[in-house]
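J.: Only the shape, not the letters, is given here:
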């Protein structure tokens, strides 16, 4: 990161904390949300082009929000897969036990 980009991130860190507070109802830790917001803020600083005439804070807020929502979606998807896998494993195990008991008896 260039010194100019670093300054943009330092001056706008509050955007990450503000956006993270909006998602406090999720099962994720607040610190994880803030960290993900800061990652989005760094990406915004690297990709920001002032020639478009958009203020940095407007551009960065969208990037931070997107970064946070992406990680929430990813974690939710993983937990759904884990839940479905456990349910499938339980059903499979139960049917396996039934089949073995029928063969023995």
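T.: Alright, I've got the coordinates. What you see is a predicted model, and the numbers here were worked out from it, not measured in a lab.
J.: Quick check: which ranges of this protein have low pLDDT?
T.: 76-105 (pLDDT under 70).
J.: what about 90?
T.: Applying pLDDT under 90 to the chain flags residues 1, 23-29, 72-105.
J.: center of it, which residue is that?
T.: When C-alpha atoms, centre = their mean is applied to the chain, the residue found nearest the centroid is residue 71 (1.1 Å).
J.: List the contacts of it.
T.: Contact analysis of residue 71 by C-beta atoms under 8 Å, 6 or more residues apart in numbering lists 28, 32, 33, 36. C-betas here are computed from N, CA, C, even on glycine.
J.: switch the cut-off to 10 Å
T.: 23, 26, 28, 32, 33, 35, 36, 37, 39, 40 (C-beta atoms under 10 Å, 6 or more residues apart in numbering).
J.: Can you add neighbour count, secondary structure and distance to residue 13 and give these back as JSON lines?
T.: Shown next, in JSON lines, are the contacts of residue 71 (neighbours: other C-beta atoms under 10 Å; DSSP: H, G, I helix; E, B strand; the rest coil; distance: C-beta to C-beta, whole Å):
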{"residue": "23", "neighbour count": "17", "secondary structure": "coil", "distance to residue 13": "17"}
{"residue": "26", "neighbour count": "17", "secondary structure": "coil", "distance to residue 13": "21"}
{"residue": "28", "neighbour count": "17", "secondary structure": "coil", "distance to residue 13": "19"}
{"residue": "32", "neighbour count": "15", "secondary structure": "helix", "distance to residue 13": "16"}
{"residue": "33", "neighbour count": "23", "secondary structure": "helix", "distance to residue 13": "14"}
{"residue": "35", "neighbour count": "16", "secondary structure": "helix", "distance to residue 13": "12"}
{"residue": "36", "neighbour count": "22", "secondary structure": "helix", "distance to residue 13": "13"}
{"residue": "37", "neighbour count": "27", "secondary structure": "helix", "distance to residue 13": "9"}
{"residue": "39", "neighbour count": "16", "secondary structure": "helix", "distance to residue 13": "12"}
{"residue": "40", "neighbour count": "25", "secondary structure": "helix", "distance to residue 13": "12"}
